[in-house]
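Visitor: From the sequence below, what's the structure:
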Amino acid sequence: MTVNLLNPDQQRRLATHLGLVAADLETLAQSPELVSQLDPRVVEVRRLLERLADAAAELPDNEGDAA
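Guide: I've put the predicted structure just below:
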């Protein structure tokens with residue numbers, strides 16, 4: 001039996017927010033003033049957030065699944 005922890009609206013919101021955080025990190029990484037000050041792990045965190053956002057966007061909704 002599969003149980004979703006998030007309903008479809010929460011899944012969409014999670015994907016949206018993760019994508020926005022990833023976009024913000026990308027913007028910071030492109031700022032010439034900040035590039036030399038950014039921790040190199042920021043790029044890795046951005047990549048991980050993008051992967052999480054993609055995965056959250058692909059989560060199936062259970063509308064119509066029998067319990």
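Visitor: Quick one: distance of the host helix or strand of residue 20 to the chain centre.
Guide: Taking DSSP states H and E as the criterion, residue 20 maps to helix 8-30. In terms of CA atoms, centre = their mean, to the nearest Å, the centre of helix 8-30 is found 5 Å from the chain centre.
Visitor: buried set for it?
Guide: Using 16 or more other CB atoms under 10 Å as the test for burial, helix 8-30 gives 11, 14-15, 18-19, 21-22, 25. All C-beta spots, glycine's among them, are computed from the backbone N, C-alpha and C.
Visitor: Does anything pack onto that helix? Which helices or strands?
Guide: helix 41-57 (3 or more CB pairs under 8 Å, 6 or more residues apart in numbering; DSSP states H and E).
Visitor: where in this structure is pLDDT low?
Guide: Counting by pLDDT under 70, the ranges of the chain that qualify are 1, 35, 59, 61-67.
Visitor: For residue 29, which residues are in contact?
Guide: 35, 38, 42-43, 46 (CB atoms under 8 Å, 6 or more residues apart in numbering).
Visitor: Now which of these would you call buried?
Guide: By 16+ other CB under 10 Å, the contacts of residue 29 give residue 46 as buried.
Visitor: can I get the contacts of residue 29 in CSV with distance to residue 5?
Guide: Formatted as CSV, the contacts of residue 29 follow (distance: CB to CB, whole Å):
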residue, distance to residue 5
35, 37
38, 33
42, 28
43, 29
46, 24
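Visitor: Just put the buried residues of helix 8-30 in CSV and tack on distance to residue 52.
Guide: Below are the buried residues of helix 8-30 laid out as CSV (distance: CB to CB, whole Å):
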residue, distance to residue 52
11, 12
14, 8
15, 8
18, 5
19, 9
21, 9
22, 9
25, 13
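Visitor: Setting the sequence-adjacent residues aside, check what's closest to residue 57.
Guide: If the residues on either side of it in the chain are set aside, residue 57 comes closest to residue 15, at 4.0 Å by CB to CB, 6 or more residues apart in numbering.
Visitor: how far away is the one you found from residue 21?
Guide: From residue 15 across to residue 21, the span is 11 Å (CB to CB, to the nearest Å).
Visitor: cool, residue 38 as well?
Guide: 15 Å.
Visitor: What is the neighbour count of residue 49?
Guide: By the criterion of other CB atoms under 10 Å, residue 49 has 20 neighbours.
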